[in-house]
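# Return atomic coordinates for the entry below.
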Amino acid sequence: MRALVVFLLMTACTEVNPPAPQAQVDEAFFRCDVQPVVTKWCSSFACHGDARRYFHVFARNRLRAQGTEADRNAPLTREEMTANYEAARAMLSPDGGASLLTLKPLEQDAGGYFHRGATLFGQGNVFASENDPEWRVLGDWAAGKKEDPACIEPGSQL
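Next up is the predicted model:
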């Protein structure tokens with residue numbers, strides 16, 4: 001009995017499923033450069049502006065975490081911005097390589113992944129190639145680019 005208790009005590013502190021490593025990316029670059037891109041291209045109510053989606057995006061005049069309809073146009077709260085950052089970061093590869101965030105919105109002919117939104121709405125994928133300046137913003141963030149922490153994110157002012 002004593003051996004069983006010792007065994008249980010020793011194994012109780014063992015982590016069965018250690019957390020997966022996450023990408024270490026710059027929050028300021030997300031806030032000031034990436035957030036405007038995902039707001040523009042991903043946050044409509046029919047797409048990732050739907051809270052039922054795995055990757056959903058909070059944005060002004062779109063999906064909000066809380067508040068009334070009158071509050072919909074208010075700047076994002078710190079909690080909403082953090083949720084967007086963490087959701088986007090979860091879509092990145094920890095080593096800065098290929099990731100869902102950069103490959104899902106990229107045309108398959110350009111090396112991207114299948115993205116149902118591209119066929120669902122009939123206009124093709126968000127980015128035709130990696131040369132698109134807004135796709136480069138996502139790619140630069142995934143690769144570790146940094147921004148001045150004092151940057152002011154677009155849309156943060158009323």
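# mind checking which helix or strand of this protein has the lowest mean pLDDT?
helix 2-12 (a mean of 64; mean pLDDT, DSSP states H and E).
# Go through whichever helix or strand comes after it and flag the buried ones.
Downstream of helix 2-12, the next assigned helix or strand under DSSP states H and E is helix 27-29. Residues of helix 27-29 classed as buried: 27, 29 (neighbour count, 16 or more other Cβ atoms under 10 Å). Bear in mind the C-beta positions are built from the backbone N, C-alpha and C, glycine included.
# Contacts made by helix 27-29 with the rest, please.
With Cβ atoms under 8 Å, 6 or more residues apart in numbering as the contact definition, helix 27-29 has outside contacts at 85, 140, 141, 145, 146, 147, 148, 149, 151.
# Look at the closest residue to residue 129 other than its chain neighbours and say how many residues are nearby.
Spatial nearest neighbour of residue 129, excluding adjacent residues (Cβ to Cβ, 6 or more residues apart in numbering): residue 110 at 4.6 Å. Each residue near residue 110 was counted by other Cβ atoms under 10 Å, and the total is 15.
# Tell me the spacing between residue 110 and residue 134.
From residue 110 across to residue 134, the span is 14 Å (Cβ to Cβ, to the nearest Å).
# which residues are common contacts for the two?
Taking Cβ under 8 Å, 6+ apart as the contact rule, the neighbours common to residue 110 and residue 134 are residue 127.
# Could you report the pLDDT at the residue nearest to residue 129?
The per-residue pLDDT reported for residue 110 equals 93.
# Who are the contact partners of it?
Contacts of residue 110 (Cβ under 8 Å, 6+ apart): 127, 128, 129, 130.
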